[in-house]
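S.K.: Compute the structure for the input listed below.
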Amino acid sequence: MFRRWVGVTALAAISVPGLIDFGSLEAQTASSALTLWKSGQTAFGMFVPSERAPGATDAQGNRLPPLYTEAGARTLGSNPLLDYLFLNLEGRYDVDAVRAMVAGLKAANATRRPTLLVRIPTIEAAGADSTKARVAQVLALGADGVVIPHVRSADEARLAVSFFAAAKADVWSPRNPNGRIVAMLMIEDKGAVAVMQDIAAVPGYSLLSCGIGSLTRDMGGDGPGAEAACQRVRDAGEARGMPSMMTATAATLQDRLTRKYRGILLSGSVAQVEPIIRDGLPRVGRTVPAAPSGDASTSTTSLAFLENLRAHCGKAYEGQLVNPQAADTAMQGKRLVMHVRGCGDTVRVPFHVGDDRSRTWVFTRTANGGVQLKHDHRHADGSEDRVTQYGGMARPTGTAARMEFAADAHTATLIPAARSNVWTVEVSATQFSYQLRREGSDRRFRVDFDLTKPVTPPPAPWGATSPTP
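M.R.: Next up, the predicted model:
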C-alpha cells in the first residue's frame with residue numbers, strides 16, 4: 001500500500017521562459033556518470049543530503065521538509081569524487097529543489113560534473129498525467145535524468161518510457177547509444193520481480209535497478225531473498241545492455257562490485273561517503289583524484305573558526321549540561337570544565353568531567369582548508385581507549401562562529417550506532433557550546449560553557465605530552 005502525496009508546489013508550465021537548457025549545461029562540462037556508463041565503467045554517487053537540521057519545525061510545530069540549496073549543490077558539484085547525485089523527491093515533489101540543484105551544478109567550478117538524477121513520486125501515487133508533466137519539467141529545468149520508482153509491469157514500463165518520448169528527450173539506451181538523458185526504472189515490489197524479464201524487454205530506457213529496501217519490506221523482511229532478486233534484476237538489464245544501480249555501505253561495497261552493479265549509490269554526509277568512494281575507485285580500475293584544495297571562502301572560514309578557539313588558549317571555563325538525557329547520568333552533578341590547549345593548526349580542548357580527564361576534543365585544519373573534529377579518549381595511564389579518534393569533517397556551510405561535523409567512515413565502523421552523528425560546535429563572545437545529535441533518533445547531548453568567567457585550569461588531560469598549553 002502506498003501513500004498518496006499531493007505536492008504543495010504546483011507544476012509550472014514547461015514552456016516558461018528562462019528554464020535552463022540541458023544542452024548548454026552539458027556543453028559546459030561532461031556529465032560524469034553517463035560518460036562512465038557509456039564506456040561500461042562503474043560510477044559512484046550519493047543521495048543529495050538535506051541541508052535542513054533533522055526534526056526542524058516551523059512556528060506551529062509542523063515538521064519542515066528537506067532543504068536543498070544552490071550553494072549546497074555548487075559544493076557537491078565541485079567534488080571530483082562524485083560521479084552522480086541522486087535527488088530523492090519520491091515522497092515530496094519539489095520543483096524548487098531541482099532548480100537549485102541545476103543552478104548550483106552549473107555554477108560549480110569543475111571540468112566535470114556529477115550527473116543529476118531526480119527520483120519523482122510513483123505513477124500510482126501521482127497519476128499518469130502528473131508524472132508525465134513532472135518528467136518533462138525536470139528535464140526542461142536541466143536535470144540529466146529522471147528515476148521512476150515502483151514500476152510493476154511491462155505496461156507501466158512502456159507508459160514511463162512514453163513520458164520521456166513525449167518530452168522529446170534524447171534518452172540514452174541500447175538502441176540510442178549517443179543519447180544524453182538517463183531514464184531509470186526501478187523494480188521494488190515482489191510482483192514486479194515475477195515479471196522482470198518483461199519489464200527489461202521494454203525498449204527506450206537507460207537503467208533497470210532494484211530498490212533493495214522496499215523490496216525487502218514487500219518480501220516480508222527476507223533480506224537474502226531480496227538480494228537474490230535484485231541480482232536477477234541486474235542480470236536481466238545487463239543482458240539487454242543496461243547497467244544497474246544499487247545502494248551500498250562501507251561493509252557492502254565489495255559485494256556490490258563483485259555482483260557487477262555499475263551504479264554504486266551511497267547515503268550520508270559527504271564526509272561519510274568520500275572514504276568509501278576512495279576505497280572503491282581502485283577496485284574498479286579507476287584512479288583516485290587528488291583531494292580538492294578548497295576554495296578561498298572555505299579556507300578563510302576555517303581559519304576564523306580556529307582563531308576564535310585560539311583566542312582562549314590556556315584558559316579554562318566551567319559548563320553545564322542542557323536538557324540531559326538518561327545516557328548522560330554519569331555526568332550529572334559533576335563539575336564540567338573545558339580547557340583550551342595546543343593553539344596551532346590543531347587546537348586541543350580537554351573536557352573534564354569531575355576527576356575524569358579522559359576526553360579531549362581535537363580541532364585540526366586540514367590540507368584542503370577544512371576543519372576536522374576528532375574525539376581523543378585516553379586511560380589514566382595515557383594509553384588510548386578502544387573507542388577513540390571518532391568524529392568527522394566540518395560541513396561546507398559552517399561559519400566562523402558555528403561548525404557542524406558529520407560522522408565519517410571511521411566513526412561508522414568503530415561505533416555503528418553513531419554513523420548518523422552530527423556534532424555542532426558554536427563559539428560566541430560569551431559562550432562555547434558542544435552539541436551532539438544522532439539523526440534518525442532522539443539522542444541529543446549539549447553542554448554550554450560560560451566564556452565570560454575563566455576558572456583555574458585543571459591538570460593536564462590523560463596522555464598529554466606537556467603539562468601546559
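
S.K.: which strand is the longest one in this protein?
M.R.: strand 444-455 (DSSP state E).

S.K.: contacting residues for residue 119?
M.R.: By Cβ atoms under 8 Å, 6 or more residues apart in numbering, the residues touching residue 119 are 86, 87, 88, 89, 90, 146, 147, 149. Just so you know, the C-beta spots here come from the backbone N, C-alpha and C atoms, and that holds for glycine as well.

S.K.: got it, and residue 66?
M.R.: Counting by Cβ under 8 Å, 6+ apart, residue 66 has contacts 50, 52, 92, 94, 97.

S.K.: Looking at the residues you listed, which are in helices?
M.R.: residue 97 (DSSP state H).

S.K.: and which of the contacts of residue 66 is nearest residue 59?
M.R.: Nearest to residue 59 out of those is residue 52 (Cβ to Cβ; 15.3 Å).

S.K.: and that closest one, how many neighbours does it have?
M.R.: By the criterion of other Cβ atoms under 10 Å, residue 52 has 14 neighbours.

S.K.: can I assume it is in contact with residue 64?
M.R.: Yes. At 5.9 Å, residue 52 counts as touching residue 64 under the criterion of Cβ atoms under 8 Å.

S.K.: residues contacting residue 403?
M.R.: 305, 371, 373, 394, 395, 424, 425.

S.K.: 7 Å - rerun?
M.R.: Applying Cβ atoms under 7 Å, 6 or more residues apart in numbering to residue 403 gives the contacts 305, 371, 394, 425.

S.K.: can you pull up the bridge partners for the third one?
M.R.: Right, the one you point to is residue 394. Beta-bridge pairing of residue 394 under DSSP bridges involves residue 405.

S.K.: Next one: it relative to residue 422, how far apart?
M.R.: 11 Å (Cβ to Cβ, to the nearest Å).

S.K.: more neighbours, the two?
M.R.: residue 394 (24 against 18).

S.K.: I'd assumed residue 371 was in contact with the more buried one.
M.R.: Yes. Residue 394 is within contact range of residue 371, at 4.3 Å (criterion: Cβ atoms under 7 Å).

S.K.: can you map out the helices along the stretch 201-350 of the chain?
M.R.: 212-218, 223-238, 253-258, 270-283, 296-310 (DSSP state H, counting those that start in this stretch).

S.K.: which outside residues touch the fourth one?
M.R.: Among residues not part of helix 270-283, those counted as contacts by Cβ under 7 Å, 6+ apart are 44, 46, 79, 81, 250, 253, 257, 264, 266, 287-288, 392-393, 406-409, 412.

S.K.: redo that, cut-off 8 Å
M.R.: Against helix 270-283 from outside (Cβ under 8 Å, 6+ apart): 42, 44, 46, 49, 75-76, 79, 81-82, 248-250, 253-254, 257, 264, 266-267, 287-288, 392-393, 395, 405-410, 412, 419.

S.K.: Buried only: go through those residues for me.
M.R.: 42, 44, 46, 49, 75-76, 79, 81-82, 248-250, 253, 257, 264, 266-267, 392-393, 395, 405-410, 412, 419 (16 or more other Cβ atoms under 10 Å).

S.K.: got the residue ranges for the helices in the stretch 1-150 of the chain?
M.R.: 22-28, 32-38, 70-77, 95-107, 123-126, 128-141.

S.K.: right, and those - which one's nearest residue 172?
M.R.: Of those, nearest to residue 172 by Cβ to Cβ is helix 32-38, at 6.4 Å.

S.K.: Tell me which other helices or strands the closest one touches.
M.R.: Secondary-structure packing of helix 32-38 (3 or more Cβ pairs under 8 Å, 6 or more residues apart in numbering; DSSP states H and E): strand 43-47, strand 115-119.

S.K.: mind redoing it with 10 Å?
M.R.: strand 30-31, strand 43-47, strand 84-88, strand 112-113, strand 115-119, strand 182-187, strand 263-266 (3 or more Cβ pairs under 10 Å, 6 or more residues apart in numbering; DSSP states H and E).

S.K.: mean confidence score for that helix?
M.R.: The average pLDDT within helix 32-38 is 94.

S.K.: With stretch 206-226 instead?
M.R.: Rounded mean pLDDT across stretch 206-226 is 96.

S.K.: what's the answer for stretch 273-291, then?
M.R.: 87.

S.K.: for it, the distance to its chain's centre please.
M.R.: 17 Å (Cα atoms, centre = their mean, to the nearest Å).

S.K.: So which bits of it are buried?
M.R.: Applying 16+ other Cβ under 10 Å to stretch 273-291 flags 273, 274, 275, 276, 277, 280, 281, 286 as buried.

S.K.: Now for residue 310: which residues touch it?
M.R.: Contacts for residue 310 (Cβ atoms under 10 Å, 6 or more residues apart in numbering) come out as 303, 340, 342, 343, 344, 345, 347, 363.

S.K.: Tell me the buried residues within those residues.
M.R.: With neighbours counted by 16+ other Cβ under 10 Å, the contacts of residue 310 contain buried members at 303, 340, 342, 343, 347, 363.

S.K.: Serialize the residues you listed to TSV and add fields for distance to residue 235.
M.R.: Output for the buried ones among the contacts of residue 310, formatted as TSV (distance: Cβ to Cβ, whole Å):
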residue	distance to residue 235
303	52
340	58
342	55
343	58
347	53
363	49
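
S.K.: Let me know the closest of the residues you listed to residue 122.
M.R.: When the buried ones among the contacts of residue 310 are compared against residue 122 (criterion: Cβ to Cβ), the nearest one is residue 363, at 44.9 Å.

S.K.: got the contact list for the closest residue in space to that closest one that isn't next to it in sequence?
M.R.: With Cβ to Cβ, 6 or more residues apart in numbering as the criterion, residue 363 has its nearest non-adjacent residue at 4.6 Å, and that residue is residue 347. Shown in contact with residue 347 (Cβ under 10 Å, 6+ apart): 305-310, 312-313, 340-341, 361-365, 371, 469.

S.K.: And residue 77, by the same measure?
M.R.: 29, 85, 101-102, 104-110, 112-114, 116.

S.K.: all helices in the stretch 351-469 of the chain, in order from the N-terminus.
M.R.: Counting by DSSP H, counting those that start in this stretch, the helices of the stretch 351-469 of the chain are 409-414.

S.K.: give me the low-pLDDT residue ranges for it?
M.R.: 367, 465-469 (pLDDT under 70).

S.K.: doesn't residue 160 fall inside a helix?
M.R.: Yes. Assigned with DSSP: H, G, I helix; E, B strand; the rest coil, residue 160 falls within a helix.

S.K.: Could you check how far it is from residue 464?
M.R.: From residue 160 to residue 464 the distance is 62 Å (Cβ to Cβ).

S.K.: what about those two, which has more around it?
M.R.: residue 160 (25 against 19).

S.K.: Leaving out chain neighbours, which residue sits closest to the more buried one?
M.R.: residue 148 (4.5 Å).

S.K.: ok, what's across the strand from the closest residue in space to residue 233 that isn't next to it in sequence?
M.R.: Using Cβ to Cβ, 6+ apart and skipping the chain neighbours, the partner closest in space to residue 233 is residue 210 (4.3 Å). Judged by DSSP bridges, the bridge partners of residue 210 are residue 187.
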